[in-house]
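Asker: Structure for the following, please:
(chains A and B)
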Protein chains: 2
Amino acid sequence: MKPLKTLLFFSLLASFAQAQQSTWIWYPGDFEINLANKMQNRRTERGSYLLPFWKMDAHYVVMNFHKTVTLSQAEEVDFFVEGEIANVQVSGKNLGNPHKFIVPAGKQTIAIKVYSQATVPAIFIKGKTIVSDGSWKVTNEDKEWIDETGKASDGSGTVWMQAGSWDLNNPLVKPSAFKLPTTLHKPTDLKREGNTLFADFGKETFGFLTLRGVKGSGKINIYYGESKEEALSITDTETTDLVEINTNTPKDTTMLLSKAFRFVNIVPSGNVNIENVEMQYEYAEVVDKGSFRCNDDLINRIYDVSKYTMHLNTREFFIDGIKRDRWVWSGDAYQSYLMNYYLFFDSPTVTRTLLALRGKDPVTAHLNTIMDYTFYWFLGIYDYYLYTGDKAFIQQLYPRMQSLMEFCLARRNKNGLMQGLAGDWVFIDWADGLSKKGEVSFEQLLLCRSLETMAICADLANDKTSSTNYLRLHKDLKIKLFNWYWNNQKQALVHSRVDGKQTDNVTRYANMFGIFFNYFNEAQKQGVKKNVLLNDKIQKITTPYMRFYELEALCAMGEQPYVLNEMKQYWGDMLKLGATSFWEEYNPQKSGAEHYAMYGRKFGKSLCHAWGASPIYLLGKYYLGVKPTSAGYQTYEVEPTLGGLEWMEGEVPTPHGNVTMKMSKTNLTLKTPTNGKGTLVLKSKNKPTVSNATVTDKGNGRYELTLNPNSEYNVSF
Amino acid sequence: MKPLKTLLFFSLLASFAQAQQSTWIWYPGDFEINLANKMQNRRTERGSYLLPFWKMDAHYVVMNFHKTVTLSQAEEVDFFVEGEIANVQVSGKNLGNPHKFIVPAGKQTIAIKVYSQATVPAIFIKGKTIVSDGSWKVTNEDKEWIDETGKASDGSGTVWMQAGSWDLNNPLVKPSAFKLPTTLHKPTDLKREGNTLFADFGKETFGFLTLRGVKGSGKINIYYGESKEEALSITDTETTDLVEINTNTPKDTTMLLSKAFRFVNIVPSGNVNIENVEMQYEYAEVVDKGSFRCNDDLINRIYDVSKYTMHLNTREFFIDGIKRDRWVWSGDAYQSYLMNYYLFFDSPTVTRTLLALRGKDPVTAHLNTIMDYTFYWFLGIYDYYLYTGDKAFIQQLYPRMQSLMEFCLARRNKNGLMQGLAGDWVFIDWADGLSKKGEVSFEQLLLCRSLETMAICADLANDKTSSTNYLRLHKDLKIKLFNWYWNNQKQALVHSRVDGKQTDNVTRYANMFGIFFNYFNEAQKQGVKKNVLLNDKIQKITTPYMRFYELEALCAMGEQPYVLNEMKQYWGDMLKLGATSFWEEYNPQKSGAEHYAMYGRKFGKSLCHAWGASPIYLLGKYYLGVKPTSAGYQTYEVEPTLGGLEWMEGEVPTPHGNVTMKMSKTNLTLKTPTNGKGTLVLKSKNKPTVSNATVTDKGNGRYELTLNPNSEYNVSF
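Answerer: Numbers count the residues shown, from 1 in each chain, chains lettered A, B, ... in the order given. Now for the predicted structure:
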């Protein structure tokens, strides 16, 4: 009896500990979708709002929250609700909409209905043991019949979902009042000329401009600039503000909308006078867990500016750029997810972004209207599960994964391939003359990986039939991909098929993804490397967006020294040009203010774009060399590669703490997280030595040793 | 050249006349769905809100309004918007969110985007020629690919819909502020006992109670009663209010929520004193176009009380009953549509109700969760088109008809029949021991008719492929219906099949619908009439809901004298019991306050239920005998039948004005509407005589004559 008692005691303790934290709960995705609507509709261009051109969804307006509890004694709970109308029932008894209510002893079902048109229906409950949290069930009164996909159901046909939540733990702040925090920043330089002010905040920043001590009568035109030129341009400044003022006593005024800028040009008219300029810097509360340092100072600066770029673009969601579009783009977000795993390891920002991007059924268009962006969404889930092992989220999301995949599969052409239909944007990359005609290989490759993802997730959702089906579709498509696109002579996947025939064109896209998807055999890999990746005749990539994948592919093939050099040139050049955050695009051919132009607009380019921060990912994954090999870092690999550096040190976060290391040309010290089984891979001329592990010789100068949790290793080689 | 010029002149005049009226516009259905959410979530039971148990949808939060105009000169327009964020573009030029803007001369495209989370995105535009109306196109940035269903599209894959509107023509009152009008009513009797008041408003009514001159400190408990007993019961009163008061100066207070009542029992506590009691009667602005009068005063009173019952239940939508549920139930609404065609002929209330009931995609449950109620929705569209000929609405609704039908067809069992799945409510009727097991004939019959409707509407939407397909499905199912359910021995459709075998049970439902759907041959009809309709051994119908169809079936077979008698008994008895509106159910076996009980609750029964008003329909369609025989009364039939009356007179509305008649046993005077070709059918021993038409003898005492528009006939027989 003794062990059982102990077990019982601990499980009681555990449930008590768990029961402590009450949080606002809602239908999964509803808070996220509404927050994304708010954020994405805040974009302005010279005072006019610019709204996204894709479908935006809304929350469910009537929500049913459910929880069955078994109490040894009656319990009084505090009840908070966001919504217009609410009704609490305890085991069938109608209690209206009380501030507190009593749940009697015994087995009781709490059922709460909330109607809320304007905001997401949400509740917060706090009792001694009863708390609102992710263990509650919710339904929008969805009555789907039970089929083989094993949808959560109580047998009545009602579809129950696990409640959604985040960390909104204050009952007095309703979910709709959520805002990112701000902190006061002052300009590093403030110039006056008459009553005109020109503020420099020292580096790219984001937030709400504050004018202190404003007095007089007239207008204040405000021109924001990521560059000095943009703020001074006036006619071509992308974002502006206009304040009208009429006061004799000095007043402070803070702008209603946040802006991205380093420079602000403040031009009053009339007799308006402004005492001072400040800003409320707005930021997401994410914590740096990863780090990187090395002997090369330029790389260190690139890492730091990448990190700052990533911070600025990590907000309510992962966005593309802070000046514009400030929207959640699936392709851009996908890269942020990957960088996140090597910097913040902040899962809520990933799941919020995935939920916001997906929206709701019915699916009537690709994500952001872009075919590739739909597939990146699936790929993002693949990685999320691999890095975090968060099965519960996958299960919650699975029905929406299914319907999105059904949408894709229904759009295949007669050859079973994806081809742009009316309303589809086949994007791939910003590149001159890039053909989107016919059946583009890159899109098939992404669908192929997406189907792999579906097979894995169907398994996690206990939908075995679908899992088998997705795997079959994946395999069929992979065969087609190589049969129809692989060109033996060119030793590459060609760009597309038009009218059922291979085109002559070879581009980097499918080929580089094929590398790190591990879809090629060794000979194909080498062929692709030589004939595509390192072949200057193949159209070059100019966006950091695709540079990300290009450099990843090269790293995956052991070209770290080459990539280090590329990084120093491409990102280093931006630093030389005064970048304080990394840009949407960098073209070494251009000079001066030419760099700021894009989309036919003088200052159209974003100078702080998430996809510019990829060194975070490359340095963490391919230099420190840490990556999960099974879900949630249950197993992982560490293959540190100096790639031309003298030494490096850093940390890579996992769900169980950091992998910490310092490496020189002869020595490696390494600390492992509290959980997970690692494999250290070293390439060395001599067999490395280590006191507390066995080193296995894998041949060709490759050595491996097993890393135990919570351990420290000191390896010499 | 002349005729062309004239034509041009008239078409200019027409477009100018049309251009005068600006109205608020929105995405079709969005205003209606939101209004239904508001209305249906207002139901209370003893102070607690009671929310519907089916899925409720929301409006699209980002809307794109489009109109291309060609102007001979520039035009300034006033712009009003409901929404948080708006942006106006004229031919690509960004104008922000102005109160007025100028549309230059020439061909211009006005594109307006609106984001609105809390309310339906809506705009109102008024210029000299440019006005917001149903000619605008809208999209929720839906990017569906173009398929054979011929979805409205500009070729980009964007799905454009015709804007929705109603008669909200005041730019200063935003659509979200819409409320039904109210007018002051005073009680016919007010009794005091201490500070308790008991008000009698003389008849069933609906609105907001007002207490005048309330003074003192304490609570006022208010008990509403459709019957005196209910208001006095206190413990079992269905609807209540509670007012807390603390004032030394007399104040007026009007309740926030409307209630249904005739009696109000007002019980103050403490030293609270109330000077007077009134109410704000809330009503829909619908106009009586139909009428009926005859020599029988009881029938006249039945007609009048039916009319009042119908008025009370015709609100923002057609609802079931005013005390409860105050919800939009598809089965109940279906009968209201039919009654409406003989009383108000108010199309907007029909279309609002159809839109609200349907909600949005995806379909995950039957309407109101009830299988039969889904089918009544299709039937309602069939009738709507037949009576009004409103093709534009059908085209607008067609995509949602398709997806709902897809939902139904996907739920057929292996025999291709509808059978209740988890989450489905197979309702049919409130009747003791009614089996819902297996494949119920009634549900197949309704699906069969729904498929007929789909075929017609697919044609109207130019979706020929689907039309053919629906017609085939309809025919197949009709064959199955007779092969599998018709029992030659019983001369009736049996109630159901269980495990692939006919059950022994015969009920009235499928048989009576088969009559007025005209699915039987003449022999079958007579068999059904004798063995089912007029057979007392077949389980009797006790709800006015199904009495509606039973009496209709009998009328359709010429049993007007029998039905007249039934009406006088069933509805006459309710009047004898003091009914001032007709009830949800009437059972002659009960007595006294027993009549008010239902659902196991003392006062659970609704004493003002829309389905109680069916005499309106029966008298209009089967006694005055007017009905359309093709869409929008382009052709129609008038077959007046006294059915035991000495004389009758009345009016039946059509889209082109009323059919007006007065009939005695020897004479008929009849005025026709301004459009449509009618056929007058008379049964007479002798050939009727009429001065201005040719009477055709159809044999068996049946005579016909053609009715021209805008004509008057005086027929003797």
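Asker: Would you point out which residue of the stretch 251-400 of chain A is nearest chain B?
Answerer: Using C-beta to the nearest C-beta, the single residue of the stretch 251-400 of chain A nearest to chain B is A:Ala365, 3.6 Å away. All C-beta spots, glycine's among them, are computed from the backbone N, C-alpha and C.
Asker: Can you classify that residue as helix, strand or coil?
Answerer: coil (DSSP: H, G, I helix; E, B strand; the rest coil).
Asker: these two touch, right, it and B:Asp142?
Answerer: Yes - between A:Ala365 and B:Asp142 a contact is recorded at 6.9 Å, counting by C-beta atoms under 8 Å.
Asker: overlap in contacts of the two?
Answerer: Common contacts of A:Ala365 and B:Asp142 (C-beta atoms under 8 Å, 6 or more residues apart in numbering or on different chains): A:Lys55.
Asker: give the contact list for A:Glu229.
Answerer: By C-beta under 8 Å, 6+ apart, the contact set of A:Glu229 is A:Ala593, A:Tyr596, A:Phe603.
Asker: export those to TSV and tack on secondary structure and distance to chain B?
Answerer: Listed next are these as TSV, based on DSSP: H, G, I helix; E, B strand; the rest coil; distance: C-beta to the nearest C-beta, whole Å:
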residue	secondary structure	distance to chain B
A:Ala593	helix	24
A:Tyr596	helix	21
A:Phe603	coil	16
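Asker: The residue lying closest to A:Asp78 once chain neighbours are set aside pairs with what?
Answerer: Distance criterion C-beta to C-beta, 6 or more residues apart in numbering or on different chains; nearest residue to A:Asp78, sequence neighbours excluded, is A:Lys126 at 4.7 Å. Judged by DSSP bridges, the bridge partners of A:Lys126 are A:Asp78, A:Val131.
Asker: correct me, but A:Lys126 touches A:Val77?
Answerer: Yes - here A:Lys126 reaches A:Val77: they are 6.3 Å apart, a contact under C-beta under 8 Å.
Asker: The two: who's more crowded?
Answerer: Neighbours were counted for A:Lys126 and for A:Val77 using other C-beta atoms under 10 Å in any protein chain shown; A:Val77 has more, 22 against 19.
Asker: wouldn't that one be in contact with A:Val103 here?
Answerer: Yes - the pair A:Val77 and A:Val103 qualifies as a contact (C-beta under 8 Å) at a distance of 6.4 Å.
Asker: Now for those two: what residues contact both?
Answerer: A:Gly127, A:Ile130.
Asker: part of a helix, is A:Ser336?
Answerer: Yes - counting by three-state DSSP, one finds A:Ser336 located in a helix.
Asker: Report the contact partners of it.
Answerer: With C-beta under 8 Å, 6+ apart, A:Ser336 has these contacts: A:Met310, A:Asn313, A:Thr314, A:Phe318, A:Thr353, A:Ala610.
Asker: Now do the strands for the stretch 501-650 of chain A: every range, in order, please.
Answerer: Listed in chain order, the strands of the stretch 501-650 of chain A (DSSP state E, counting those that start in this stretch) span A:501-502, A:626-628, A:635-638, A:648-654.
Asker: Turn those into CSV, columns for distance to A:Tyr223 and mean neighbour count.
Answerer: Below are these laid out as CSV (distance: least, C-beta to C-beta, whole Å; neighbours: other C-beta atoms under 10 Å in any protein chain shown):
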stretch, distance to A:Tyr223, mean neighbour count
strand A:501-502, 52, 14
strand A:626-628, 44, 22
strand A:635-638, 49, 19
strand A:648-654, 40, 23
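Asker: mind putting those in a markdown table, mean pLDDT and distance to chain B included?
Answerer: Below are the strands of the stretch 501-650 of chain A laid out as a markdown table (pLDDT from 0 to 100; distance: least, C-beta to the nearest C-beta, whole Å):
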| stretch | mean pLDDT | distance to chain B |
| --- | --- | --- |
| strand A:501-502 | 96 | 24 |
| strand A:626-628 | 98 | 35 |
| strand A:635-638 | 98 | 39 |
| strand A:648-654 | 98 | 35 |
